[in-house]
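Student: structure, please.
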Amino acid sequence: MYEILAWIVFGLVAGIVAKLLMPGKDPGGIIVTILLGIAGALLGGYLGKLLGITGGWWVGFAMAVVGAIILLILYRLIKRASG
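Tutor: Numbering: from 1, shown residues only. Okay, here's the model as predicted:
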């Protein structure tokens, strides 16, 4: 339970970091970016566990940021294609 809560907190920060690393206008603004960060953190955490990647909270944070960036890229592509 605490692990999921930690990934959500990581996700809040990861969403902000992802937005800083990927500047530009996002279709949903900073709130959607933060929500994508949370989802990306959960995805990154799950994939990290699935692949057996360990190494402390720095590795977890990196996985959260990577997950957030991937979801942000996908979100931008989907929004551009639909609108």
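Student: low pLDDT regions in the chain?
Tutor: Within the chain, the stretches with pLDDT under 70 are 26-28, 83.
Student: surely Leu36 touches Leu72?
Tutor: Yes - applying CB atoms under 8 Å as the test, Leu36 and Leu72 come out as touching, 5.4 Å apart. Glycine gets a C-beta too; all of them are placed from N, C-alpha and C.
Student: any common contacting residues for the two?
Tutor: Shared contacts of Leu36 and Leu72 (CB atoms under 8 Å, 6 or more residues apart in numbering): Ala18.
Student: who has more neighbours out of those two?
Tutor: Between Leu36 and Leu72, Leu36 has the larger neighbour count (other CB atoms under 10 Å), namely 28 against 23.
Student: after the helix or strand encompassing the more buried one, which helix or strand is next?
Tutor: Here Leu36, judged by DSSP states H and E, is contained in helix 29-51. Proceeding N to C from helix 29-51, the next assigned helix or strand is helix 57-82, under DSSP H and E.
Student: against which helices or strands is that following helix packed?
Tutor: helix 2-21, helix 29-51 (3 or more CB pairs under 8 Å, 6 or more residues apart in numbering; DSSP states H and E).
Student: look up the closest residue to the most centrally placed residue in the chain, ignoring the ones flanking it.
Tutor: By CA atoms, centre = their mean, the chain has its centre lying nearest to Ala68, at 2.0 Å. Excluding the flanking residues, the one nearest Ala68 by CB to CB, 6 or more residues apart in numbering is Gly40, at 3.3 Å.
Student: just checking, the one you found touches Ala14?
Tutor: Yes - contact criterion CB under 8 Å: Gly40 and Ala14 qualify, at 6.1 Å.
Student: more neighbours, these two?
Tutor: Comparing Gly40 with Ala14 by other CB under 10 Å, the one with more neighbours is Ala14, at 31 against 28.
Student: quick one: contacts for the more buried one?
Tutor: Ala14 neighbours (CB under 8 Å, 6+ apart): 37-38, 40-41, 44, 61, 64-65, 67-68.
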